[in-house]
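**Student:** the sequence and its predicted three-dimensional model are supplied below.
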Amino acid sequence: TSGQTSGQTALRPDFETAVLAPIRAIVGDRGLITDPDTMKPFMESWRDGWVGRSPAVVLPDSTEALAAVVRICAETRTPIVPQGGNTGLTGASQPHADGSEIVISTNRLNRIREIDIDNDTMTVEAGCILANIQNAARDVGRLFPMSLAAEGSCQIGGNIATNAGGVQVLRYGNMRNLVAGLEVVLPDGRIWDGLRGLRKDNAGYDLKQIFIGSEGTLGIVTAAVLKLSPLPRATATALVAVSAPSDAVDLLTRAKGVAGDRIVTFELIQRACIDVARRHVPDVPDPLRDRYPWYVLVELADQDSGNRLAEMLESILEAGMEAGEVLDGVVAASKAQADSLWRIREGIPEGQKREGVSFKHDVSVPISRVARFLDRTDAALERACPGIRPFSFGHLGDGNIHYNPIQAEDGDPAEWRAKLATVNAIVHDIVVDLGGSISAEHGIGRLRIDEMPRYKSPVELEMMATLKRAFDPHNIMNPGKILHSSGVAP
Ligand code: FAD
């Protein structure tokens, strides 16, 4: 995946005097990196081999400084790659390989500006690490519910720009639901102050939503007002065995009827995922005596006492057992046991990395069609690529499945890598046929950019290109991500 270019022109001959010197005058030496070794971590993805080149990484420490840098870029038509924690999975946060794009990092925009307890909101700068935001909210007795495996290094600006989901979308929604207001630097360097902490605001278009999930192509988020929730006092966690995904869907419907929005997590896990996690990751348990084809990790949370919640979870599972949906299960008796059950889910991506070539798909379909999607796709892939090993897990409660089949056990990795386009087309054709999306969480970036024309209608693509042109007429803001061309020259 590395080494792709966007067709950008090379650096202008007067780059040093026209671009770099004025930027240095704004951010100082502390805010500018040009040494290739020091820039390296900003050029590479942690996974999947995206590597780019850039003449400079700029680290402004205020919205005003960042805006001034963008103004220089706009005047000199210098393309920009906005970057947060650089944990994204689609090649969207690294520059292209031709070395013409500067990286603007939000690492130094990391202040929590305000916590308004009565309004249940918190105003933070884009470079705040997600885990720090969670902790700051907890310190005042509130929950910021966005939670994902990269939370120790991803930044809220990146979460917003990718409309991140995570493990509690079922209860709290994704970033779209968690943002009340935004401050954004537009591609011409103007600052939009939309930092309103309102839950109701119908005064015209909801502009913040245009930036959420735009992967840095429409502007740079510099701050956000986030919505906080009450901190749950109790959780109840269980690992449940089921014989098929359709039973898991029935159990989810049953659980919703009893527990409503107390369900925060409902993760479907195929047996193969547990085997792979246990093979490669320490301390992943296998708590049920027998082996079953599918499992569900379910967690409830609310303000009540833990006992009542555990009883509710047990009664759901008992009813599920009577109805034949549940084959077996264990309810965690302590926080340590619950953590241990979570290790199963958390160990899966780590284990999969060490299991040979895998074909990762971050797809969603309506929950009612998840079982049909899995059956149809497994069968189609087995016909096209005999020996391929099904490997599916994910947020069943959101209809979002990480459909990541793995190469045959003794297959030649190079031969399997060559099947990527075939596998992607089979999986995504079925997803779209079932009314789903080819990217439920991670975004399009460069990874899925070539698939957009196949799966988006011309009308939808044209609306996106029109938005891009309106905000970024010179195509300097993260060019070559999401859309190949906005119809304007860089
Ligand atoms: P980066 O990787 O730096 O950037 C991502 C994109 O946002 C790029 O297009 C970049 O240009 C843009 N961007 C960054 N900051 C800004 C800004 N301030 N303004 C405008 N654009 C900006 N995602 C989920 O949705 N759910 C998950 O459960 C999930 N789990 C993950 C688990 C792991 C282990 C990893 C590594 C990733 C996971 N992701 C998940 C992907 C997730 O979307 C990103 O990791 C995270 O949200 C990106 O934040 P970041 O600060 O690292 O952004």
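**Tutor:** Noted; the coordinates are in hand.

**Student:** please count neighbours and contacts with C-alpha atoms only from this point.
**Tutor:** OK.

**Student:** just the helices in the stretch 1-150 of the chain please.
**Tutor:** For the stretch 1-150 of the chain, the helices defined by DSSP state H, counting those that start in this stretch cover 15, 21-27, 36-43, 63-76, 130-139.

**Student:** which one of the ones you listed is the most hemmed in?
**Tutor:** Sort those by mean neighbour count, taking mean count of other Cα atoms under 10 Å, and helix 63-76 sits at the top with a mean of 20.

**Student:** check whether it comes near the ligand.
**Tutor:** No: against the ligand, helix 63-76 shows no contacts by Cα under 6 Å from any ligand atom, the least distance being 10.5 Å.

**Student:** chain center to that helix, what's the gap?
**Tutor:** Distance of helix 63-76 from the chain centroid (Cα atoms, centre = their mean, to the nearest Å) equals 28 Å.

**Student:** what sits up against it?
**Tutor:** By Cα atoms under 8 Å, 6 or more residues apart in numbering, the residues outside helix 63-76 that reach it are 18-19, 22-23, 26-27, 60, 79-80, 109, 185-191, 222, 474, 476.

**Student:** before we move on, what about stretch 99-113?
**Tutor:** 8-11, 42, 52-63, 78-85, 94-95, 122-129, 133, 157, 222.

**Student:** kindly recompute the last result at 6 Å.
**Tutor:** 10-11, 53-54, 56-59, 61, 79-84, 123-125, 127-128 (Cα atoms under 6 Å, 6 or more residues apart in numbering).

**Student:** just the CA trace of it, in PDB.
**Tutor:** Taking Å, rounded to 0.1, in the frame of the first residue of the first chain, the C-alpha atoms of stretch 99-113 are listed here in PDB:
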ATOM      1  CA  GLY A  99       7.000  14.800  -0.800                       C
ATOM      2  CA  SER A 100       4.900  17.800  -1.700                       C
ATOM      3  CA  GLU A 101       2.600  17.900   1.400                       C
ATOM      4  CA  ILE A 102       3.400  19.300   4.800                       C
ATOM      5  CA  VAL A 103       2.000  17.600   7.800                       C
ATOM      6  CA  ILE A 104       0.200  19.800  10.400                       C
ATOM      7  CA  SER A 105       0.100  17.900  13.700                       C
ATOM      8  CA  THR A 106      -2.200  18.800  16.500                       C
ATOM      9  CA  ASN A 107       0.200  17.300  19.200                       C
ATOM     10  CA  ARG A 108       0.700  20.600  20.900                       C
ATOM     11  CA  LEU A 109      -3.000  21.600  20.900                       C
ATOM     12  CA  ASN A 110      -3.700  19.600  24.000                       C
ATOM     13  CA  ARG A 111      -5.500  21.700  26.600                       C
ATOM     14  CA  ILE A 112      -8.800  21.000  28.200                       C
ATOM     15  CA  ARG A 113     -10.300  24.400  28.000                       C
END
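
**Student:** one step back: tell me which of the contacts of stretch 99-113 fall in strands.
**Tutor:** Residues of the contacts of stretch 99-113 located in strands (DSSP state E): 57-58, 80-83, 123-125.

**Student:** follow-up on the earlier one: so which of the contacts of helix 63-76 are also by the ligand?
**Tutor:** T222.

**Student:** separate out the buried members of the contacts of helix 63-76.
**Tutor:** Buried members of the contacts of helix 63-76, scored by 16 or more other Cα atoms under 10 Å, are 19, 23, 26-27, 60, 79-80, 109, 185-189, 191, 222, 474, 476.

**Student:** quick check: the residue of the stretch 351-490 of the chain nearest the ligand.
**Tutor:** Nearest residue of the stretch 351-490 of the chain to the ligand, counting by Cα to the nearest ligand atom: E441, 4.0 Å away.

**Student:** could you look up the SS state of that residue?
**Tutor:** On the three-state scheme (DSSP: H, G, I helix; E, B strand; the rest coil), E441 is labelled coil.

**Student:** any idea how far it lies from S229?
**Tutor:** As judged by Cα to Cα, to the nearest Å, E441 and S229 stand 22 Å apart.

**Student:** state the phi and psi torsions of the residue lying closest to Q270 once chain neighbours are set aside.
**Tutor:** Leaving aside its sequence neighbours, Q270 sits nearest to W294 (Cα to Cα, 6 or more residues apart in numbering; 4.6 Å). As for W294, its main-chain torsions (degrees, to the nearest 10) stand at phi -140, psi 150.

**Student:** can you give me the pLDDT of W294?
**Tutor:** If you check W294, the pLDDT there is 98.

**Student:** quick check: it touching C273?
**Tutor:** No: using Cα atoms under 6 Å, W294 is not in contact with C273, being 9.5 Å away.

**Student:** for the protein, give me the ranges with low pLDDT.
**Tutor:** Along the chain, segments meeting pLDDT under 70 span 1-9, 306, 486-490.

**Student:** care to break it down by domain?
**Tutor:** Residue ranges of the domains in the chain are recorded as 15-108, 112-230, 234-353, 362-442, according to automatic domain parsing.

**Student:** distance from the first one to the middle of the chain?
**Tutor:** The one in question is domain 15-108. Mean-position distance between domain 15-108 and its chain equals 22 Å (Cα atoms, centre = their mean).

**Student:** quick check: end-to-end length of it?
**Tutor:** End-to-end distance for domain 15-108: 24 Å, by Cα to Cα.

**Student:** do the same with the longest one
**Tutor:** Terminal residues of domain 234-353 are spaced 34 Å apart (Cα to Cα).

**Student:** I220 contacts L182, doesn't it?
**Tutor:** No: contact criterion Cα under 6 Å: I220 and L182 do not qualify, at 10.2 Å.

**Student:** of these two, who's got more company?
**Tutor:** I220 (34 against 29; other Cα atoms under 10 Å).

**Student:** so the residue in the stretch 251-400 of the chain that the ligand sits nearest to is in which element?
**Tutor:** Across the stretch 251-400 of the chain, no residue is closer to the ligand than P349, which sits at 7.5 Å (Cα to the nearest ligand atom). Under the criterion of DSSP states H and E, P349 resides in helix 335-353.

**Student:** not counting its own residues, what contacts that helix?
**Tutor:** By Cα under 6 Å, 6+ apart, the list of residues contacting helix 335-353 reads 237, 273, 276-277, 280-281, 284, 332.

**Student:** so how far is that helix off the chain centroid?
**Tutor:** 19 Å.

**Student:** what backbone torsions are found at G329?
**Tutor:** Per degrees, to the nearest 10, the backbone of G329 is at phi -180, psi 160.

**Student:** what residues are bridge-paired with it?
**Tutor:** Taking DSSP bridges, one finds V240 as the beta-bridge partners of G329.

**Student:** isn't it right up against V240?
**Tutor:** Yes: at 4.1 Å, G329 and V240 qualify as touching, with contact defined as Cα under 6 Å.

**Student:** thanks a lot, see you next time.
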